[in-house]
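Engineer: predicted coordinates and the sequence they were generated for:
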Amino acid sequence: MQEYRMLIGGEWVGAETGDWIESVNPFDGKAWARIPRAGPGDVRRAASEARRAFLDPSWSRLTASARGHLLMKLADLIAEHSDQLARLETTDNGKLINEMSSQLRYLPQWFRYFGGLADKIQGSVIPIDKPGVFNFTRHEPLGVIAAITPWNSPLLLAGWKLAPALAAGNTVVWKPSEFSSVSALAFARLFELVGFPRGVVNVVTGYGSEIGEALVSDPAIAKVAFTGGDQTGQRVYQTAASGIKPVTLELGGKSANIVFDDADLDNAIKGVVSGIFAASGQTCIAGSRALVQRSIYREFTRRLIEFAATAKIGNPLDTSTQVGPVTTRPQYDKVLSYIQIAKDEGAKCLLGGQTPQRPDLEDGWFVEPTIFGDVRPDMRIAQEEVFGPVLAVIAFEDEDDAIRIANDTIYGLAAGVWTKSMRRALLASEKLEAGTVWVNTYRAVSYMSPFGGYKRSGIGRESGIEAINEYLQTKSVWIDVNEPVPDPFVMR
Ligand code: TXE
């Protein structure tokens with residue numbers, strides 16, 4: 001059993017209680033590593049170390065260019081270690097090695113992009129309407145950022161927070177998911193190797209239910225950047241509100257892949273499959289609803305089932321595997337319970353709908369790629385986030401109907417549109433209530449493009465230039481050179 005330690009104030013430590021959590025491999029259900037089970041005391045120490053580091057001249061007096069350079073060096077180191085980190089992630093969360101390797105090979109770009117932005121954060125000189133008075137703005141870091149991350153793409157989603165937060169000059173306490181902390185603890189070594197001052201990045205591991213609130217409410221924490229479920233996100237938001245702390249929240253969705261009757265069906269089928277089965281449905285942007293125009297509904301579902309049925313289920317460390325296990329036991333139970341709910345509500349199970357009956361998979365948390373047809377938009381399977389390989393197919397009549405159904409959920413993270421018509425593409429991209437709209441593609445993300453949710457899918461944006469503003473605050477500076485000082489009893 002491999003043992004990992006937390007990084008607090010530059011020291012590698014266990015939990016102060018001496019407790020551990022066993023990390024389980026979702027492929028065989030066996031514990032393979034252990035991580036510290038931090039308590040509120042560990043969190044307090046990490047937050048205060050991060051605050052100390054924020055004020056320490058080794059970080060606060062570092063030039064923005066030097067800060068950016070550190071992030072670039074970190075990017076190179078991530079690239080060097082990407083294979084090793086990807087294997088850790090796959091062993092810990094069961095997602096395909098192909099998927100985790102490609103995420104890890106892409107991750108350095110976030111650190112390069114925001115590293116490059118570090119010394120381009122500049123205020124403005126305002127031609128203020130008062131003679132003899134100068135006014136300019138400074139964009140300053142907020143202080144200590146609590147980065148709370150989930151288990152589905154542990155390092156990628158952490159990078160989306162850490163890269164802009166550090167580029168802006170903040171320090172960080174990072175709490176990865178209790179289900180997938182190993183790669184975070186391995187990754188934390190890289191900050192040391194690059195030469196970040198101690199305490200700039202701290203990693204605490206433990207159960208969200210035991211340390212989440214202590215972290216969010218700690219007075220040293222200035223802001224919370226969270227990715228996870230919407231119920232937890234709501235709690236984090238409420239706790240942050242009592243300290244008047246800003247948040248960025250990325251909370252998942254029920255994204256629609258809309259297939260119009262003029263679409264290239266081969267491409268649309270690949271897009272729909274990649275949206276829901278590629279990561280066993282465990283992505284916030286999962287296209288978990290396929291909205292298909294009635295005139296092509298039969299042909300589309302027939303071909304979709306044919307294609308999805310060929311997906312190879314197996315060991316996620318095998319590069320030929322296309323569908324791996326579900327990451328956590330609670331998630332596995334949740335997915336199976338939604339399959340039952342869909343059946344009970346009268347949706348027609350067209351593919352899958354159970355665990356694969358194969359001896360080599362029986363210890364893992366596997367669910368077959370599952371497709372439900374005849375789904376009505378008001379069914380729970382069409383409204384609630386399952387976060388598993390379960391697709392709901394819904395028929396629509398025309399453009400207005402498609403948009404109405406697509407927008408008829410509490411979420412608004414992403415949407416896909418499959419059409420050859422430019423008019424339909426533009427119309428849909430304008431009317432869809434979603435932070436991302438893909439036309440004739442799906443699951444494309446980039447460090448350059450803003451990502452985030454409408455409605456209950458979240459607050460704020462990650463990636464792209466504007467993401468840096470999530471980690472900055474503006475100060476207005478006034479300099480008055482007038483002599484003598486005018487009437488003190490009148491506003492200037
Ligand atoms: O997530 P949680 P869970 C959705 C998905 C899934 C559901 C539940 O639908 O089925 O959420 O998953 C930490 N204060 N997504 O329970 O609880 C926790 O330790 C502060 C969507 O695993 O949201 C972890 O680090 N933090 C999603 C992080 O929150 C707390 C990704 C996320 O865990 C806390 C994952 C608390 N009180 C799940 N309680 C996406 N948007 O991609 C827990 N945490």
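Structural biologist: Okay, I see it. Numbering: from 1, shown residues only.

Engineer: which SSE is Thr91 in?
Structural biologist: If you go by DSSP states H and E, Thr91 is part of helix 64-93.

Engineer: let me know the average pLDDT across that helix.
Structural biologist: Here helix 64-93 scores 97 as its mean pLDDT.

Engineer: could you give me the buried positions within it?
Structural biologist: 64, 67-75, 77-79, 81-82, 85-93 (16 or more other C-beta atoms under 10 Å). For glycine as for every other residue, the C-beta is placed from the backbone atoms N, C-alpha and C.

Engineer: residue numbers of the chain in contact with the ligand?
Structural biologist: 148-152, 175, 177-178, 208-209, 212-213, 216, 227-229, 232, 235-236, 250-252, 284, 331, 334, 385, 387 (C-beta under 6 Å from any ligand atom).

Engineer: now do 5 Å
Structural biologist: For the chain, the contact set with the ligand under C-beta under 5 Å from any ligand atom comprises 148, 150, 152, 177, 208, 212, 228-229, 232, 235-236, 252, 284, 385, 387.

Engineer: just the residues you listed now: which is nearest Arg404?
Structural biologist: Nearest to Arg404 among the residues of the chain next to the ligand: Glu385, at 20.1 Å, using C-beta to C-beta.

Engineer: let me know the secondary structure of the nearest residue to Ile148 once chain neighbours are set aside.
Structural biologist: By the measure of C-beta to C-beta, 6 or more residues apart in numbering, the closest residue to Ile148 outside its immediate chain neighbours is Phe226, 4.5 Å from it. What DSSP: H, G, I helix; E, B strand; the rest coil gives for Phe226 is strand.

Engineer: measure Phe226 to Arg51 for me?
Structural biologist: 20 Å (C-beta to C-beta, to the nearest Å).

Engineer: between these two, who's got more neighbours?
Structural biologist: Phe226 (28 against 20; other C-beta atoms under 10 Å).

Engineer: OK, contacts around the more buried one?
Structural biologist: Each residue near Phe226 by C-beta atoms under 8 Å, 6 or more residues apart in numbering is listed here: 148, 232-233, 236, 247-250.

Engineer: can you say which of these are buried?
Structural biologist: 148, 232-233, 236, 247-250.

Engineer: and the nearest residue to Tyr332 once chain neighbours are set aside, helix, strand or coil?
Structural biologist: Closest residue to Tyr332 apart from its sequence neighbours, by C-beta to C-beta, 6+ apart: Trp365 at 3.8 Å. When classified by three-state DSSP, Trp365 comes out as coil.

Engineer: residues contacting Trp365?
Structural biologist: 26, 29, 94, 325-329, 331-332.

Engineer: of these, which belong to helices?
Structural biologist: Members of the contacts of Trp365 lying in helices (criterion: DSSP state H): 329, 331-332.

Engineer: list just the nearest of the buried ones among the contacts of Phe226 to Val445.
Structural biologist: Of these, the one sitting nearest to Val445 (C-beta to C-beta) turns out to be Glu250, at 11.8 Å.

Engineer: show me the beta-bridge partners of the closest one.
Structural biologist: Thr227, Gly458 (DSSP bridges).

Engineer: test my guess that it contacts Asp230.
Structural biologist: No. Taking contacts as C-beta atoms under 8 Å, Glu250 lies outside contact range of Asp230: 10.0 Å.

Engineer: which residues do those two both contact?
Structural biologist: Contacts common to Glu250 and Asp230, judged by C-beta under 8 Å, 6+ apart, are Ser457.

Engineer: chain neighbours aside, what residue packs nearest to Pro150?
Structural biologist: Gly228 (4.7 Å).

Engineer: picking that back up, which among the residues of the chain next to the ligand gets closest to Asp42?
Structural biologist: Gly212 (12.8 Å).

Engineer: that's all I had, so thanks and see you.
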